[in-house]
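> fold the following for me, if possible:
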Amino acid sequence: MTTTEKDTAAAADPAPHIRPRSALAKLPRYVAGKPPAAIDGLQGYKLSSNENPLPPLPSVLEVISAFQDINRYPDPLSTTLRNELSTFLDVPAEDIVTGGGSLGALNQLLAAFAGQNDDGVPDEVIYPWRSFEAYPISVGLAGAASVQVPLRGDGTHDLEAMAAAVTERTSIILLCTPNNPTGPALKTAEVEAFLAKVPADVIVVIDEAYEDFVRDPEVVNGIGMYRKYPNVVVLRTFSKGAGLAGLRVGYSISHPPVTDYLRVAAVPFAVSQLAETAAVASLQHHGELVERIQGIVAERTRVVEGLRELGWRIPEAQGNFVWLALGEHSPGFAALAAGQGLAVRAFGAEGVRVTIGEPEANSRFLAICATYTKGPLVS
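Residues are numbered from 1 along each chain as shown. Alright, predicted model coming up:
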């Protein structure tokens, strides 16, 4: 074959021998929330990604706009942020490991503690389902095996079934509270009872991405559990309450037997210096953030009460979103909302998650629900 013929063959089949890992074929694709479609005469609103509808605080925007050291690598340990968090949360800075959002922090944990062992047998990671859709992707990419435990009918974790699913191969258990996308949060008493059933060498992750919006005093506080149980790891993020989703900054809190390995598995420079600076400023102006977050909580209350007045049956909502268990009608409802300038998030034929957004967006959502006739209604 001449050089010209080889070049032609390569162009027709540019990578005939390149193959991805077999695990990729078994994994679902992450589906990001879509923006609203443009509709003449109608303001569009994105209620599909659980984003904070408000920008960062003015004081945070000020430090972001003044930032210039983009040409320098960030501190790989995010020392300034960890020290600020240490004071704010009253935990040792050594127990905090930052990551690219709470998902980045989770991926570091999976890389360190869950995967395929020398004998070729994968560790098992137990988590509720449906829950955060990145869980099966992250677990699979780590080389571990997913053990999905179905939620109960009210959208809550079935902790008894999760405890019963533990085997000698279980390395990590994920608890998502409030659960995304259904909304309920775990109570302190039930988590304590659950932890009593879990072997001490199994890591229990309390994923609190939405903890800023929790108002039920009985809901578990992950840091309280971390103080009492050496195998508990807490995940938190600045993406939701602080409105820094685009900067990707989160963290885990755990004891030295865990953090020592997390620092080995941590992605170098995962948190940019800009993101660290913005997160520190958010903590330093936390009182202003609380006022903003309370406004979102008030809107959540209005939406939940409005839905229930309409006769809709929805799970408890402790995050910045509500869940409509519409089943096979989910795609149709999402399309109806899209036609009214609202982008919401349909999960197959299971349900629709709707983020609490701007007041006008929330009112439009309630208006759609007022005329929708396919449930889920109180019988």
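> the closest residue to residue 280 other than its chain neighbours and residue 286, how far apart?
Leaving aside its sequence neighbours, residue 280 sits nearest to residue 84 (C-beta to C-beta, 6 or more residues apart in numbering; 5.0 Å). Bear in mind the C-beta positions are built from the backbone N, C-alpha and C, glycine included. Using C-beta to C-beta, to the nearest Å, residue 84 is found at 10 Å from residue 286.
> of the two, who's got more company?
Remark: of residue 84 and residue 286, residue 84 carries more neighbours, 20 against 13, as counted by other C-beta atoms under 10 Å.
> quick one: residue 267 is in a helix?
No: the assignment for residue 267 (DSSP: H, G, I helix; E, B strand; the rest coil) gives coil, which keeps it out of a helix.
> after the longest helix seen in the chain, which helix or strand is next?
Counting residues, the longest helix found in the chain (DSSP state H) is helix 286-309. Sequence-wise, the next helix or strand downstream of helix 286-309 (DSSP states H and E) is strand 321-324.
> export that next one to CSV, keeping only CA atoms.
Only the C-alpha atoms of strand 321-324 are listed here, as CSV (Å, rounded to 0.1, in the frame of the first residue of the first chain):
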residue,chain,number,x,y,z
PHE,A,321,-36.6,22.2,44.4
VAL,A,322,-39.8,20.1,44.3
TRP,A,323,-40.5,16.7,42.9
LEU,A,324,-43.6,15.8,40.9
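> which helices and strands does that strand pack with?
In terms of contacts (3 or more C-beta pairs under 8 Å, 6 or more residues apart in numbering; DSSP states H and E), strand 321-324 is packed against helix 286-309, strand 351-355.
> give me whichever of those is most buried.
strand 351-355 (a mean of 26; mean count of other C-beta atoms under 10 Å).
> quick check: angle from the helix or strand following it to strand 351-355?
For strand 351-355, the following helix or strand on the C-terminal side (DSSP H and E) is helix 359-371. Computed with axes from the mean of the first three to the mean of the last three C-alpha atoms, to 10 degrees, the direction of helix 359-371 lies at 150 degrees from that of strand 351-355.
> tell me how this structure divides into domains.
If you go by automatic domain parsing, the domain ranges for the chain are 27-50+288-371, 60-284.
> for the ones you listed, give me JSON lines that also has distance to residue 20 and mean pLDDT.
Formatted as JSON lines, the domains of the chain follow (distance: least, C-beta to C-beta, whole Å; pLDDT from 0 to 100):
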{"stretch": "domain 27-50+288-371", "distance to residue 20": "10", "mean pLDDT": "95"}
{"stretch": "domain 60-284", "distance to residue 20": "11", "mean pLDDT": "97"}
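> quick one: which of those domains is nearest residue 21?
Nearest of the domains of the chain to residue 21, taken as C-beta to C-beta: domain 60-284 at 8.4 Å.
> now do the strands in the stretch 151-300 of the chain.
170-176, 203-207, 232-237, 250-253 (DSSP state E, counting those that start in this stretch).
> which other helices and strands does the shortest one contact?
By that I understand strand 250-253. With contacts taken as 3+ C-beta pairs under 8 Å, 6+ apart, strand 250-253 sits against helix 79-89, strand 96-99, helix 101-113, helix 222-228, strand 232-237.
> tally of neighbours for residue 269?
13.
> surely it meets residue 72?
No: assessed by C-beta atoms under 8 Å, residue 269 is found out of contact with residue 72, at 10.4 Å.
> quick revisit: ok, now which ones touch the residue nearest to residue 280?
Each residue near residue 84 by C-beta atoms under 8 Å, 6 or more residues apart in numbering is listed here: 279, 280, 283, 284.
> now do the contacts for the last one.
Residues in contact with residue 284 (C-beta under 8 Å, 6+ apart) are 59, 84.
> look up how far residue 75 lies from it.
18 Å.
> could you do residue 29 as well?
From residue 29 across to residue 75, the span is 34 Å (C-beta to C-beta).
> look at these two and report which has more neighbours.
Neighbour count, other C-beta under 10 Å: between residue 29 and residue 75, residue 75 has more, with 15 against 8.
> surely the more buried one is in contact with residue 276?
Yes: the criterion here is C-beta under 8 Å, and residue 75 meets it with residue 276 at 7.2 Å.
> roughly how far does residue 160 sit from residue 166?
11 Å.
> go on, residue 261?
21 Å.
> again with residue 89
The spacing between residue 89 and residue 166, counted by C-beta to C-beta, is 29 Å.
> picking up where we left off before, if you count contacts, what does the longest helix of the chain end up packed against?
strand 321-324, helix 359-371.
> try it again at 10 Å.
When contacts are defined as 3 or more C-beta pairs under 10 Å, 6 or more residues apart in numbering; DSSP states H and E, helix 286-309 packs onto helix 58-65, helix 273-284, strand 321-324, strand 351-355, helix 359-371.
> could you dump these into JSON lines with distance to residue 171 added?
JSON lines is the format used below for those (distance: least, C-beta to C-beta, whole Å):
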{"stretch": "helix 58-65", "distance to residue 171": "37"}
{"stretch": "helix 273-284", "distance to residue 171": "29"}
{"stretch": "strand 321-324", "distance to residue 171": "29"}
{"stretch": "strand 351-355", "distance to residue 171": "29"}
{"stretch": "helix 359-371", "distance to residue 171": "41"}
